[in-house]
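*Asks:* what follows is a predicted protein model with its sequence.
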Amino acid sequence: MSTDEIGHGLSHTIAGAATMRIASLHKTDSFYTPLEERFERITRLGRNAMGVRVTCVTLIAGETVWFKSVLGWRVSELPLKDSLQQPMLESGKPLIVPDTHKDPRFKKLPLVVGKPKFRFYAGYPLRDSDGKIIGTFCALDVAPKMADHGLGEMLADLGQLAERELLTTDLWNAQSQLVGKLDIARRQALLDPLTRVWNRRGGGELLEMVQQEAISSGEQFAIVLVDIDHFKEINDQHGHAIGDQALRKVAASITASIRPDDVVSRYGGDEFLVILRNATPGICRLVAERICGKIQTTRVRTADGGLAVSASLGMVVSDSSETTTVSQLIERADKALYQTKHRGRNGATIWTDDN
């Protein structure tokens, strides 16, 4: 299920209240940050446990509801007035609506009367350390759903998990420095809107910072180029919408396969650049195995059923004893990637002097 992003205005009253609620959250720099597996895990768990079509973790930024993680619905942000969150925010308490058509607060909302035509809503308010509401954990479905004690308990458990993660700073130094020195608009400009990871420019800035950090500390780092196999054929045979779905799935698979202090960016059309901090060839091999394995288990939904996807990887580990530019390291990773493709794809190669 998918929907176009909806964008209109917001009443000054609600905007003012929302601004007050999220004022302290800006200090944590949580808005417009890249995909994080810890939140993806919560939405996956929520959808399976609650048996709903959509689950999400959202943050409220002024007039906008921004989706930190969302599963089952293609959306990145919505005007607060058009979302289903306002009644819960006004009460400050968890809210379950078994049938939106029978609730006067919901039945005329755009997402109820128009696509995706939500009929069920459950929301749990997420609070900052001062007790102010900063976002929500939500579960939604296009069919009504009976609410019972077990469902409410599950909603609270998942909401508390999401809240704990929001209050936990889990970004490593360089990434945290980049996020902290940029305002929301600038951070948004460095994210890829399709895959929700850093874009090429954001990844490039982080790579420069990692290299400087490595020079100071003497630690090695690695660059990994991940290229989706036969991506042109996927687009030609199934259409660009399926190709976009493949890109999103691969980005999520890579994010789930690396450590919290590593970085994923979309480097080109069907290519991703991954930065592994404090990495050795042994760590590279383990990460490559996880990435390839995770992508291989991914299925992209098409009219003909599930489409299998694979990827080719090229990797290079920095050498603290030599002066090598970022461009040279990327060139070496690209040569290693070519070797993987030459051997038949769906695997990984670490660059050596013999490549």
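*Replies:* Looks like it came in fine. Just so we're clear, the structure is a prediction, and the values are computed from it rather than from any experiment.

*Asks:* where in the stretch 51-200 of the chain is pLDDT low?
*Replies:* By pLDDT under 70, the weakly predicted segments of the stretch 51-200 of the chain are 168-183.

*Asks:* can you pull out the strands in it?
*Replies:* Taking DSSP state E, counting those that start in this stretch as the test, the strands found in the stretch 51-200 of the chain are 54-61, 64-71, 77-79, 95-97, 120-127, 133-141.

*Asks:* the fourth one: partners in the sheet, and parallel or antiparallel?
*Replies:* Which is strand 95-97. Using DSSP bridges, strand 95-97 pairs in its sheet with strand 120-127 (antiparallel).

*Asks:* measure how the partner strand sits relative to strand 133-141, angle-wise.
*Replies:* Between strand 120-127 and strand 133-141, the angle comes out at 160 degrees (axes from the mean of the first three to the mean of the last three C-alpha atoms, to 10 degrees).

*Asks:* let's have the strands of the stretch 51-200 of the chain in JSON lines, adding mean neighbour count and distance to Ala311.
*Replies:* The C-beta positions use only the backbone N, C-alpha and C, and glycine is treated the same way. As requested, the strands of the stretch 51-200 of the chain are exported to JSON lines (neighbours: other C-beta atoms under 10 Å; distance: least, C-beta to C-beta, whole Å):
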{"stretch": "strand 54-61", "mean neighbour count": "25", "distance to Ala311": "27"}
{"stretch": "strand 64-71", "mean neighbour count": "22", "distance to Ala311": "22"}
{"stretch": "strand 77-79", "mean neighbour count": "20", "distance to Ala311": "29"}
{"stretch": "strand 95-97", "mean neighbour count": "22", "distance to Ala311": "40"}
{"stretch": "strand 120-127", "mean neighbour count": "25", "distance to Ala311": "34"}
{"stretch": "strand 133-141", "mean neighbour count": "27", "distance to Ala311": "31"}
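
*Asks:* among the ones you listed, which is nearest Glu163?
*Replies:* Closest approach to Glu163 among those (C-beta to C-beta): strand 120-127, 4.5 Å.

*Asks:* residues making contact with the closest one?
*Replies:* By C-beta atoms under 8 Å, 6 or more residues apart in numbering, the residues outside strand 120-127 that reach it are 50, 52, 57, 84-85, 88-89, 92-100, 106, 133-145, 147, 151, 155-156, 158-160, 162-163, 166.

*Asks:* one more: stretch 154-162?
*Replies:* Residues from elsewhere that reach stretch 154-162 (C-beta under 8 Å, 6+ apart): 39, 42, 45-46, 49-50, 55, 57, 94, 96, 122-126, 136-137, 139.

*Asks:* now with 6 Å, please.
*Replies:* For stretch 154-162, contacts defined as C-beta atoms under 6 Å, 6 or more residues apart in numbering pick out 42, 46, 49-50, 57, 94, 122, 124, 126, 137.

*Asks:* list the contacts for Leu59?
*Replies:* Counting by C-beta under 6 Å, 6+ apart, Leu59 touches 30-31, 66, 68, 135.

*Asks:* picking that back up, ok, which of the strands of the stretch 51-200 of the chain comes nearest Glu208?
*Replies:* Nearest of those to Glu208, taken as C-beta to C-beta: strand 64-71 at 26.3 Å.

*Asks:* show me what that closest one is packed against.
*Replies:* Judged by 3 or more C-beta pairs under 6 Å, 6 or more residues apart in numbering; DSSP states H and E, strand 64-71 is in contact with helix 37-50, strand 54-61, strand 77-79.

*Asks:* returning to that earlier point: okay if I get the contacts of Leu59 as CSV plus distance to Leu191?
*Replies:* Formatted as CSV, the contacts of Leu59 follow (distance: C-beta to C-beta, whole Å):
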residue, distance to Leu191
Ser30, 13
Phe31, 11
Trp66, 11
Lys68, 12
Gly135, 18
